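Participant: requesting a structural model of the entry that follows:
(2 chains)
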Amino acid sequence: MSRVKLIALDVLKPHLPDAVEFARQLAALGDDYQVELEVVEVDEHTQTTVITVRGEDLALARIEDKVKALGGSVHSIDRVIVTGNGDDN
Amino acid sequence: MPTLAELRQALHITGSTQIARRYFVTNGFDGSLAMLGLLIGFRSAGGAGVDIVIAACLGTAIALGASGVSSTYVSEQAERRRELDRLRRAMLKELDDSAHARAAQWAPILVALVSGLAPFLLALIIMLPLWLQSAADTPAPVLFDTAIGIAFMLIFLLGVFLGRVAGSHWLWSGLRTLAIALVTAGIILLVAPG
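Facilitator: Predicted coordinates for the structure are as follows:
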């Protein structure tokens, strides 16, 4: 099985929860999750952000569900790092 | 039923913590001042039994509590729905399963409870000496004066609380609200019969 080590998402989110709380709730999804959230644009009601999550084995569906639950919307997956274990050899 | 963490989040993402604090102070002030007015009125008129005063004060406390809960809930619910709709249009997506939709449902309830319970509970605290009268067998004027003293103290404490919120000096802020209560008491004494 391959494992996702890093994922960078383009996310549109409301102003609240703020960046710290948003990142904290995403980080709480896994013991070793490390979340970096960069606000790249601010509008009247929303913020465009790039959220980078690092971990040993990221659960993508749970991350996307959490983003939605916090009122955010995933526009695109901009970057991923995946490691394989040689199953196809 | 939401968890405590979800309720805290609902207050956070709707900005309702500040709103609840504002309702707590304004309605708590309303309740305390209303009790102060009733007690000074009864005290200066004389002749009213403690039971009558308790009934009048309790009725007023319940009415203030009910008014606080119902009016705040209706107005806050409308505000939260409007805000959710505005956010939905800005996000270009439905937010039905989001924390914002749940917050729009629960935040008005929490704020309404604060808004109603503040005047009700403060009024009950002011009335405590009147309730304890049978146990202590204290003369009615002393009971009234004690209750009036508690009302002044609570109004002072609300001012202290406001001072801490605003980051100004607590004593000055407390004295300011106390001065408002003293002026109110003076006006009541001027116009009250007896």
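Participant: show me which residues of chain A sit near chain B.
Facilitator: A:12, A:14, A:16-17, A:21, A:43-46, A:68-71, A:73 (Cβ under 8 Å from any Cβ of the partner chain). Any C-beta I mention is one placed from the backbone N, CA and C, and that applies to glycine too.
Participant: can I get those in TSV with secondary structure and distance to B:A151?
Facilitator: Formatted as TSV, these follow (DSSP: H, G, I helix; E, B strand; the rest coil; distance: Cβ to Cβ, whole Å):
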residue	secondary structure	distance to B:A151
A:L12	strand	51
A:P14	strand	43
A:L16	coil	38
A:P17	coil	40
A:E21	helix	40
A:D43	coil	48
A:E44	coil	45
A:H45	coil	44
A:T46	strand	47
A:K68	helix	50
A:A69	helix	46
A:L70	coil	44
A:G71	coil	44
A:S73	strand	52
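Participant: show me what from chain B comes close to chain A.
Facilitator: Close to chain A, as judged by Cβ under 8 Å from any Cβ, chain B has residues B:9, B:12-15, B:86-87, B:90-93, B:95, B:97-100.
Participant: between those residues, which has the most around it?
Facilitator: Per-residue neighbour counts (other Cβ atoms under 10 Å in any protein chain shown) across the residues of chain B next to chain A peak at B:H100, which has 27 neighbours.
Participant: that one and A:V40, how far apart?
Facilitator: Separation of B:H100 from A:V40 (Cβ to Cβ, to the nearest Å): 22 Å.
Participant: got the contact list for whichever residue of chain A sits closest to chain B?
Facilitator: Across chain A, the shortest distance to chain B (Cβ to the nearest Cβ) belongs to A:H45, at 3.7 Å. Going by Cβ atoms under 8 Å, 6 or more residues apart in numbering or on different chains, A:H45 touches A:14-15, B:86-87, B:90-91.
Participant: next step: those restricted to helices.
Facilitator: Taking DSSP state H as the definition of helices, the contacts of A:H45 contribute B:86-87, B:90-91.
Participant: didn't B:A112 look like it was pressed against B:G65?
Facilitator: No - here B:A112 lies out of contact with B:G65, judged by Cβ atoms under 8 Å, at a distance of 10.6 Å.
Participant: for chain B, just list every one of the helices.
Facilitator: Counting by DSSP H, the helices of chain B are B:4-13, B:16-45, B:50-91, B:99-131, B:133-136, B:140-166, B:170-191.
Participant: avg pLDDT for the fifth one?
Facilitator: Confidence for helix B:133-136, expressed as mean pLDDT, is 67.
Participant: quick one: pLDDT of B:L110?
Facilitator: 95.
Participant: center of chain B, which residue is that?
Facilitator: Nearest to the mean C-alpha position of chain B, by Cα atoms, centre = their mean, lies B:G28 at 2.4 Å.
Participant: and the residue lying closest to it once chain neighbours are set aside, how many neighbours?
Facilitator: Leaving aside its sequence neighbours, B:G28 sits nearest to B:A118 (Cβ to Cβ, 6 or more residues apart in numbering or on different chains; 3.9 Å). By the measure other Cβ under 10 Å, the count of residues near B:A118 is 25.
Participant: quick one: B:A118 and B:N27 touch, right?
Facilitator: Yes - between B:A118 and B:N27 there is a contact at 4.7 Å, judged by Cβ under 8 Å.
Participant: joint contacts of those two?
Facilitator: What both B:A118 and B:N27 touch, as defined by Cβ under 8 Å, 6+ apart, is the set B:G68.
Participant: just to check, B:G65 is in contact with B:F120?
Facilitator: Yes - if you go by Cβ under 8 Å, B:G65 and B:F120 touch, sitting 3.3 Å apart.
Participant: can I get stretch B:52-68 as CSV, trimmed to CA atoms?
Facilitator: Backbone C-alpha positions of stretch B:52-68 (Å, rounded to 0.1, in the frame of the first residue of the first chain) are rendered in CSV as follows:
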residue,chain,number,x,y,z
ILE,B,52,-46.4,41.1,48.5
VAL,B,53,-43.0,42.5,47.8
ILE,B,54,-41.6,39.0,47.1
ALA,B,55,-44.6,38.3,44.7
ALA,B,56,-44.0,41.6,42.9
CYS,B,57,-40.3,41.1,42.6
LEU,B,58,-40.6,37.5,41.6
GLY,B,59,-43.2,38.4,38.9
THR,B,60,-40.9,41.1,37.6
ALA,B,61,-37.9,38.7,37.6
ILE,B,62,-39.8,36.1,35.7
ALA,B,63,-41.1,38.6,33.2
LEU,B,64,-37.6,40.0,32.6
GLY,B,65,-36.2,36.5,32.2
ALA,B,66,-38.9,35.5,29.7
SER,B,67,-38.5,38.7,27.8
GLY,B,68,-34.8,38.3,27.6
